[in-house]
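The amino acid sequence is not available; the structure is as follows:
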């Protein structure tokens, strides 16, 4: 009697297992069918391809391929460490996403925190030079001897004047929270020869 009950239980469990497997297997086409009918999942509609035709990739209409702009990179440091661009210049189309790297090394024997400040030439380029990612957005802490490479991802607005064919992006890298020398004190002598501070 116990064997008969065990067989019956195994049979029921096998049926439940097969039913669960079949349901899981049928979920993907069922999900796509429901999405197509209700219009909930727009991606499911966009994934369909017409037989014999490949879907054309959308063209970025914001890139001005009729002109080139040379972007030169400059690096200055206010302190004893190495700071330089990975490359000196690139040529880009306005509207084109470009990424360049800057390299840093703390050559001091102490930990330091630093940040970079950008400047542009000509000045009118600043309003049209859009940085999407830049190490200048944050402060960084470098251990003694530590080397880092950080990106600058940018797009030049196509509305930039056609007179501008070269932009110089310059960074000054300086220590944050370090020892700053005191400002010099002015010494003035009055007509009587007395020194005033």
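Nice, I can see it. What you are looking at is a predicted structure, and each value in this text was computed from that prediction instead of being measured. Numbering: from 1, shown residues only.

what's the burial count for the closest residue to residue 148 other than its chain neighbours?
Computed as CB to CB, 6 or more residues apart in numbering, the closest residue to residue 148 that is not its neighbour in sequence is residue 104, at 4.8 Å. For the C-beta atoms, the positions are set from N, CA and C on the backbone; glycine is no exception. Neighbours of residue 104 under the rule other CB atoms under 10 Å: 21.

Residue 128 versus residue 104, what's the distance?
Distance of residue 104 to residue 128, computed by CB to CB, to the nearest Å: 27 Å.

Residue 22: what secondary structure?
Recorded secondary structure, residue 22: helix (DSSP: H, G, I helix; E, B strand; the rest coil).

Which pLDDT value belongs to it?
Looking at residue 22, its pLDDT reads 84.

can you tell me the distance between the two ends of stretch 86-95?
Criterion CA to CA, to the nearest Å; first-to-last residue distance in stretch 86-95 is 22 Å.

what comes up buried for it?
Buried residues in stretch 86-95, counting neighbours by 16 or more other CB atoms under 10 Å, are found at 90, 92, 93, 94, 95.

which element is the residue nearest to residue 148 on?
strand 98-105 (DSSP states H and E).

If the residue most central in space within the chain is in a bridge, with which residues?
Nearest to the geometric centre of the chain sits residue 133, at 3.6 Å (CA atoms, centre = their mean). Under DSSP bridges, the beta-bridge partners of residue 133 are residue 153.

Starting from residue 76, give me the distance back to it.
21 Å.

Figure out the helix or strand that residue 16 lives in.
Here residue 16 is assigned to helix 2-38, by DSSP H and E.

other SSEs contacting that helix?
helix 42-46 (3 or more CB pairs under 8 Å, 6 or more residues apart in numbering; DSSP states H and E).

Could you pull out the buried residues of the helix or strand following the helix it packs on?
Moving toward the C-terminus from helix 42-46, the next helix or strand (DSSP H and E) is strand 69-78. If you call a residue buried by 16+ other CB under 10 Å, then strand 69-78 has these buried ones: 69, 71, 73, 75, 77.

now do stretch 24-39
Of the residues in stretch 24-39, none is buried (16+ other CB under 10 Å).

where's it relative to the chain centroid, distance-wise?
Put simply, stretch 24-39 sits 36 Å off its chain's centre (CA atoms, centre = their mean, to the nearest Å).

likewise stretch 147-156?
The chain centre lies 7 Å from the centre of stretch 147-156; the measure is CA atoms, centre = their mean.

domains of the chain?
What the record gives for the chain is the domain set 2-43, 69-175, from automatic domain parsing.

need these in CSV with distance to residue 62, can you?
Formatted as CSV, the domains of the chain follow (distance: least, CB to CB, whole Å):
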stretch, distance to residue 62
domain 2-43, 23
domain 69-175, 4
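
In this protein, what helix or strand scores lowest on average pLDDT?
helix 42-46 (a mean of 45; mean pLDDT, DSSP states H and E).

low-scoring stretches of the protein, by residue?
39-61, 178-197 (pLDDT under 70).

Lovely, talk soon.
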